[in-house]
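Undergrad: Structure, please.
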Amino acid sequence: MTNNTKNRPQNKYCVTGEMWWGELMPAGTIREGILFTSALILLAVSGVTLVFMSLIAGLVVLLMTAAMTNRNTALHALAYLILAAVAAGLALRTLDPVLLLGEFGILGVFFGLCFKNRVAYRWTLNIGVVLAVILVYASLGLNYLLTGQDPFDISALIAAAEPLSETMEQAMSIMAVVMPGSLVVWAMAVAFGGFFLTGSLLHRLSFIREPLPDFTAWRLPWYVIWGLIGGLILLLTGDRWTVEWVDALAKNLLFVTVFGLFLAGLSLSVFLYRSFPPPRWMKIALVLTVLIYSPVVVFLVANVGFVDAVIDVRSRVEKRSGES
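TA: Here you go, the predicted model:
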């Protein structure tokens, strides 16, 4: 049998996702714009009408706008976002799809610009977290101005869920206090997930060829412990002199700081897991522990993040590995 592969024309567009996409739809074409806008409309409508799909739809919007920004320009992605937001808002006659596209889409444009211009990963992630928080609160403020619905007023939810047990009433009251902090935590989680997913997608499409950002290399600076110290001081002050706003500020500060420590602890835990792979029985035990005692595991992982912020465990492990 003779080999005729040398005589066959090589299809260079099969090599990378960028080339395949470019062959399918040249950049900036009307067909590309229509398809992209239609996909955004579909995602916005599904994210609003199906509550369990909102996060998935939002992350897909973020990835699509980041890829479009990297492939064309930020103006292209923003124009498609605006068209999709107007169409989805008019179709559902509500502001929710506009807010969903705005929160996730603008963040995706930012990540796409940063990856396209090779901004340092550290700055991209840090500014992305701040931008995500701003977008969340801006969308809530816009919704309040246009509809008059106070996002921090959960009295309507309590009234709708009555009668409530004593435990549920306490949980709802705590949720009302830490609502601002929980929104910051939500924005942080979206920014972290969007950052690493965007890097993976753009690398897979060959839009970027630099090494991917590694979650296990991320850590909090040592001075984050002042967040815990300040939160505890404010908490004691609020309890001592019965100042409600100081007590609420303390609980929100502690909530956000502990979540940051949890992310740092999770990063270090994955790093140690890769550096020192446990035996199979220990893996099974870890999975069972996470499933059965998840609140305790979250607390322990946050403590791991605190220890890492103080003594930088990675540097010590890498130094010891280099010496050996």
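
Undergrad: tell me the centre residue of this protein?
TA: residue 190 (1.7 Å; C-alpha atoms, centre = their mean).

Undergrad: Residue 208 - how many residues pack around it?
TA: 18 (other C-beta atoms under 10 Å). (Each C-beta comes from the backbone N, C-alpha and C, glycine too.)

Undergrad: helix/strand/coil for the residue nearest to it when sequence neighbours are not counted?
TA: Nearest residue to residue 208, sequence neighbours excluded (C-beta to C-beta, 6 or more residues apart in numbering): residue 202, at 4.8 Å. When classified by DSSP: H, G, I helix; E, B strand; the rest coil, residue 202 comes out as helix.

Undergrad: distance of residue 202 from residue 65?
TA: 12 Å (C-beta to C-beta, to the nearest Å).

Undergrad: Among the two, which residue is more densely surrounded?
TA: Neighbour totals were compared for residue 202 and residue 65, and residue 65 leads with 30 against 26 (other C-beta under 10 Å).

Undergrad: For the helix or strand encompassing the more buried one, name the packing helices and strands.
TA: Taking DSSP states H and E as the criterion, residue 65 maps to helix 54-71. Applying 3 or more C-beta pairs under 8 Å, 6 or more residues apart in numbering; DSSP states H and E, we find helix 54-71 packed against helix 30-49, helix 74-92, helix 96-116, helix 179-204.

Undergrad: Can I get the ones you listed in CSV including mean pLDDT?
TA: Below are those laid out as CSV (pLDDT from 0 to 100):
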stretch, mean pLDDT
helix 30-49, 92
helix 74-92, 95
helix 96-116, 96
helix 179-204, 95
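
Undergrad: any idea what sits nearest residue 213, other than its immediate chain neighbours?
TA: Closest to residue 213 by C-beta to C-beta, 6+ apart is residue 121, at 4.3 Å.

Undergrad: do the same with residue 188
TA: residue 129 (5.5 Å).

Undergrad: Residue 232 contacts residue 247, correct?
TA: No - contact between residue 232 and residue 247 fails when scored by C-beta atoms under 8 Å: they sit 11.9 Å apart.

Undergrad: Compare these two and say which is more crowded by neighbours.
TA: residue 247 (18 against 13).

Undergrad: Verify the contact between the more buried one and residue 235 for me.
TA: Yes - taking contacts as C-beta under 8 Å, residue 247 lies within contact range of residue 235: 6.6 Å.

Undergrad: mind listing what's buried in stretch 148-157?
TA: residue 154 (16 or more other C-beta atoms under 10 Å).

Undergrad: Number the chain from 118, please
TA: Sounds good: first residue 118 from here, last item stretch 265-274.

Undergrad: Contacts for that stretch next, please.
TA: 257, 260, 261, 289, 292, 293, 296, 297 (C-beta atoms under 8 Å, 6 or more residues apart in numbering).
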